[in-house]
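Chemist: Fold the following for me, if possible:
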Amino acid sequence: MNIGQAARASGVSAKMIRHYETIGLIVKAARSLSGYRHYQARDVHTLRFIRRARMAGFSTVQIKKLLSLWQDRQPAREVKQLAAEHLIDLQARITELESIAQALTQLIEHCHGGERPECPILDNLAGDEPAR
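Modeler: Numbers count the residues shown, from 1 in each chain. All right, here's what the predicted structure looks like:
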């Protein structure tokens, strides 16, 4: 199948497929005599794996490791360790985002809106007022 068909079958855009080839996340596709990429069912399966890993928030580096562990059928303890580390990172990001949301909520509550030029949101972004 060509890159468009592989993109539709995997849910990964053709642009991202090319990018994944460039960075070595997937092997370069075989080429036809006319130079078009040609993909097999196993390539689509790998692209689906990558898409699901991206949806779970794994980084490209982590996905490369997960792919290696999946393809080489490595012990599950390595996968579990990688996933546990990822979970810790996600929880830290959630905490950070909750803090940002709380600060933004306070800024919104203190912004009068309307026609007045004073705005604590803009002041905070400009560094003129400390975050609350």
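Chemist: Domains of this structure: list them as residue ranges, please.
Modeler: Following the assignment in automatic domain parsing, the chain carries domains at 1-74, 75-132.
Chemist: Most tightly packed of the ones you listed?
Modeler: domain 1-74 (a mean of 15; mean count of other CB atoms under 10 Å). All C-beta atoms are positioned from the backbone trio N, CA, C, and that covers glycine.
Chemist: Now the element after the helix or strand Ser99 falls within, going C-ward?
Modeler: According to DSSP states H and E, Ser99 maps onto helix 76-110. Scanning forward in sequence from helix 76-110 by DSSP H and E, the next helix or strand is helix 120-126.
Chemist: Next one: Thr46 from Tyr20, what distance?
Modeler: Thr46 sits 9 Å away from Tyr20, taking CB to CB, to the nearest Å as the criterion.
Chemist: overlap in contacts of these two?
Modeler: Contact criterion CB atoms under 8 Å, 6 or more residues apart in numbering; residues shared by Thr46 and Tyr20: Ile26.
Chemist: Any figure for the gap between Arg48 and His86?
Modeler: 19 Å.
Chemist: Can you show me the CA trace of the helix or strand of the chain with the lowest mean pLDDT as CSV?
Modeler: Sorted by mean pLDDT, DSSP states H and E, the helices and strands of the chain end with helix 120-126, the least confident at a mean of 87. Listed next in CSV are the C-alpha coordinates belonging to helix 120-126 (Å, rounded to 0.1, in the frame of the first residue of the first chain):
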residue,chain,number,x,y,z
PRO,A,120,-4.6,41.7,36.1
ILE,A,121,-4.3,38.9,33.5
LEU,A,122,-2.2,41.1,31.2
ASP,A,123,-0.3,42.6,34.1
ASN,A,124,0.6,39.1,35.3
LEU,A,125,1.7,38.0,31.8
ALA,A,126,3.8,41.2,31.5
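Chemist: Appreciated, that's everything.
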